[in-house]
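Student: turn this into a model:
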Amino acid sequence: EDAVLSRALPPLLARVKQLDDNQIFHLPVDGDVVKGYFSVISHPMDLSTMQRSLRKGGYAASRGGLDAVAADFKLMFDNCQAFNADDSVFYKEAARLREAAGELVAGVRARLEAAERGEGGEEKELDEDEDAAGDEGEADTAIRKFTVIEDYIHVGDAAEVERERSVALPSEGERAARGSPPDPHYWPVVAPREERKRLGEEVVEQMTYGVDSVTARNVVALLPAGMPEDARWEWFEGTLLPALNRWYGALPADSELVQDVSMLCEELATDALQGGGAELAGALGRISQEARARAEDFSVFRKGHGVLAAGSRGVRQGDLVVDFLGEVYPPWRWYEKQDAIKEVQRERDVQPDDVPEFYNMQLERPKGDANGYSLLFVDAMHATNYSARLSHSCTPNVEVRVRALEGKRYGINFYALRDVAPGEELCYNYNTITDNQEEYNQAYCLCGTRRCSGSYLSLVGGEVHQQVMDKSHTTLHRHALLLRACGGEALDGGDEEALTELGLVAGRGLLEGVPRWLAKYTALLARWVRVEQAELPAHILEDARKRYGSYTEEDAALDALGVRETRLQSLALMLSRARYLLRRGAGKRAKAA
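Tutor: Residues are numbered from 1 along each chain as shown. Next up, the predicted model:
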């Protein structure tokens, strides 16, 4: 229990600080600036004070320590709302962050309770393995063991997985009929089977470190004033971030999980001075002093094991880094497995993780395949290669692409977006969405880049993304569409056009061999998705402009496209389940339903 809390509190406070976008609660209130504050507030509190108290042992590593943290959060937000009018941005931000902090504290409390029950309290991201895959073909970690594999393993209905992975390249006529879709990844791309980068030679695994957006902004702000902002960020991302793993990666395994940038900045200051950069060296010296005085504002966090470029040349732009391997499931079988896991957790009163794990990835057949879009799940939890070690970055140097390997089967490959120097960490953008506010709050990003969003999840599915659905696609509307589909109508030209726009092909792929009613129902849903795609951007734009001044119509359109892709995935899941039920027969449908 003590170990769980001592590891959970530093990132908890750091995450609340990240969520405080307006930096209202970062530092103590200045009574000379905010007149009359201390005549109203007798016990002030702020995040830097809480972090300083944590660093000096003010919060005991026990249940009482967590209660004290929760009490200080309450005091801080109570103070803000007591002093400010309830229609002010300060009052509203206090309400928002009070809820977020409460969810974070609840997550830590649940892990403490799990530790008390003997169900394990280790944080998922704490990856203490010291050895890469051994001769036995197995990697041993503190979190999980996985079998090292050289190709995909088809699980569930192997015949269905084989069929959905198979490549059917479109003819010239089919390409012409579909026109020029705006999606650059619409058409299948044939690629040869290439050798992944050799682990231990061209790439290496090691413990990796990162910084949050708070630390990044603080360091950049203290770099020489004469440097343009773009140049400051370029130096930070090109020099300091790559140096994190070189410096902190060499620390003993039992070192503190949270460090500060002081030691690294001292080394970089020496390098700058030797290179004639006296002004930069002076700034780095001041940053080091600030980090020692305010470590909580200049934190460096251990992320777990990652993958770094190695060798003399590193990784070149366009190189295949690695193929993402694992056990491949059809959607119905994947969600059946997830439902079974949840059922066991309920039966055993096991608290699920606060943040979803990222050992799985969706293998989406390109919409431009002759058989249209389909969806499979690749699970790298138990069988994989080092691809599962790559971390997230909001400014990635690796991209994920589905490729038609030798024109036969689809697979997931990781390619370098640019040259990656030896010692630089290889990262990709998870591009993962959630409609769960608690998951979003817990998933704090440590890439430290200028474009860092603060979380490695994107929050969608909130009220603004549901407005069109709430108006014209309720449960009653969907039942009406289903009844209409069961009336015997055949697909018409408009139906087929709507399906094609979405990436489905009537009579082929996911719609091959399905009953007429199911094909019609899918087409009616595709027609509605088209309506939502037209109406949703206006709702997103109206909501976003209340929060983000620079949000544009183009941004809203892109967000709406993301919602459409989510709808398409839901359709693929529905079709997978329906086809499975139809194959099993009427007497065996209860379990899959």
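
Student: how far does the helix or strand where Ala578 lies sit from its chain's centre?
Tutor: Using DSSP states H and E, Ala578 falls within helix 553-584. Averaging C-alpha positions (CA atoms, centre = their mean, to the nearest Å) puts helix 553-584 19 Å from its chain's average.

Student: count the residues that sit near the closest residue in space to Cys427 that isn't next to it in sequence.
Tutor: Spatial nearest neighbour of Cys427, chain neighbours left out: Ser393 (3.6 Å); criterion: CB to CB, 6 or more residues apart in numbering. (Each C-beta comes from the backbone N, C-alpha and C, glycine too.) Using other CB atoms under 10 Å, Ser393 is surrounded by 24 other residues.

Student: what sits against Ser393?
Tutor: 427-429, 447, 449 (CB atoms under 8 Å, 6 or more residues apart in numbering).

Student: low-confidence ranges, this structure, go.
Tutor: Along the chain, the model assigns pLDDT under 70 to residues 1-7, 60-63, 115, 117-145, 252, 350-358, 435, 460-464, 546-550, 586-593.

Student: max-length strand in the chain?
Tutor: Using DSSP state E, we find that the single longest strand of the chain is strand 299-309.

Student: what's downstream of that strand, the next helix or strand?
Tutor: Downstream of strand 299-309, the next assigned helix or strand under DSSP H and E is strand 320-324.

Student: from the rest of the structure, what touches that next one?
Tutor: Contacts of strand 320-324 from elsewhere in the structure, counted by CB under 8 Å, 6+ apart, are 194-197, 203, 307, 315, 361, 378, 380, 384-388, 390, 398, 400, 411-416, 426.

Student: of these, select the buried ones using a ChimeraX command.
Tutor: Those of these that count as buried under 16 or more other CB atoms under 10 Å are selected in ChimeraX with:
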select :196,197,203,307,315,361,378,380,384,385,386,387,388,390,398,400,411,412,413,414,415,416,426
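
Student: distance of Gln317 relative to Val420?
Tutor: As judged by CB to CB, to the nearest Å, Gln317 and Val420 stand 8 Å apart.

Student: more neighbours: which of those two?
Tutor: A direct count of neighbours by other CB under 10 Å for Gln317 and Val420 places Val420 higher, at 24 against 11.

Student: what's across from that one in the sheet?
Tutor: Val315 (DSSP bridges).

Student: wait, it touches Cys427, no?
Tutor: No - with contact defined as CB atoms under 8 Å, Val420 does not reach Cys427; the gap is 9.5 Å.

Student: circling back to that earlier point, what is the longest strand of the chain packed up against?
Tutor: For strand 299-309, the packing partners by 3 or more CB pairs under 8 Å, 6 or more residues apart in numbering; DSSP states H and E come out as helix 2-19, strand 203-210, helix 213-221, helix 241-248, strand 258-260, strand 391-392.

Student: please identify the buried residues of the fourth one?
Tutor: Right, the one you point to is helix 241-248. Within helix 241-248, the residues scored as buried using 16+ other CB under 10 Å are 241-245, 247-248.

Student: list the buried residues for stretch 258-269?
Tutor: Result for stretch 258-269 [16+ other CB under 10 Å]: buried residues 258-266, 268-269.

Student: mind putting these into JSON lines with distance to Gln289?
Tutor: Below are those laid out as JSON lines (distance: CB to CB, whole Å):
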{"residue": "Val258", "distance to Gln289": "19"}
{"residue": "Gln259", "distance to Gln289": "16"}
{"residue": "Asp260", "distance to Gln289": "11"}
{"residue": "Val261", "distance to Gln289": "11"}
{"residue": "Ser262", "distance to Gln289": "8"}
{"residue": "Met263", "distance to Gln289": "12"}
{"residue": "Leu264", "distance to Gln289": "14"}
{"residue": "Cys265", "distance to Gln289": "9"}
{"residue": "Glu266", "distance to Gln289": "10"}
{"residue": "Leu268", "distance to Gln289": "14"}
{"residue": "Ala269", "distance to Gln289": "11"}
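
Student: list just the nearest of these to Glu496.
Tutor: Val258 (56.9 Å; CB to CB).

Student: now do the contacts for that closest one.
Tutor: Taking CB under 8 Å, 6+ apart, we find Val258 in contact with 10-11, 14, 299-302.

Student: go again using 7 Å as the cut-off
Tutor: 10, 299, 301 (CB atoms under 7 Å, 6 or more residues apart in numbering).

Student: that one bridge partners, please.
Tutor: Listed beta-bridge partners, Val258: Phe301 (assigned using DSSP bridges).

Student: which residues does Val328 bridge with?
Tutor: On the basis of DSSP bridges, Val328 is bridged to His154, Val378.

Student: list the contacts for it?
Tutor: Shown in contact with Val328 (CB under 7 Å, 6+ apart): 152-155, 161, 363, 376, 378.

Student: any of these buried? List them.
Tutor: In those, burial by neighbour count holds for 152-155, 161, 363, 376, 378, counting by 16+ other CB under 10 Å.

Student: for the stretch 301-450 of the chain, what spans make up the strands?
Tutor: Along the stretch 301-450 of the chain, the segments classed as strands by DSSP state E, counting those that start in this stretch run 320-324, 327-329, 360-365, 374-379, 383-384, 391-392, 398-405, 409-416, 427-428, 432-434.

Student: let me have these in a markdown table, extended by distance to Ala281.
Tutor: Below are these laid out as a markdown table (distance: least, CB to CB, whole Å):
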| stretch | distance to Ala281 |
| --- | --- |
| strand 320-324 | 35 |
| strand 327-329 | 52 |
| strand 360-365 | 44 |
| strand 374-379 | 48 |
| strand 383-384 | 44 |
| strand 391-392 | 30 |
| strand 398-405 | 33 |
| strand 409-416 | 33 |
| strand 427-428 | 29 |
| strand 432-434 | 40 |
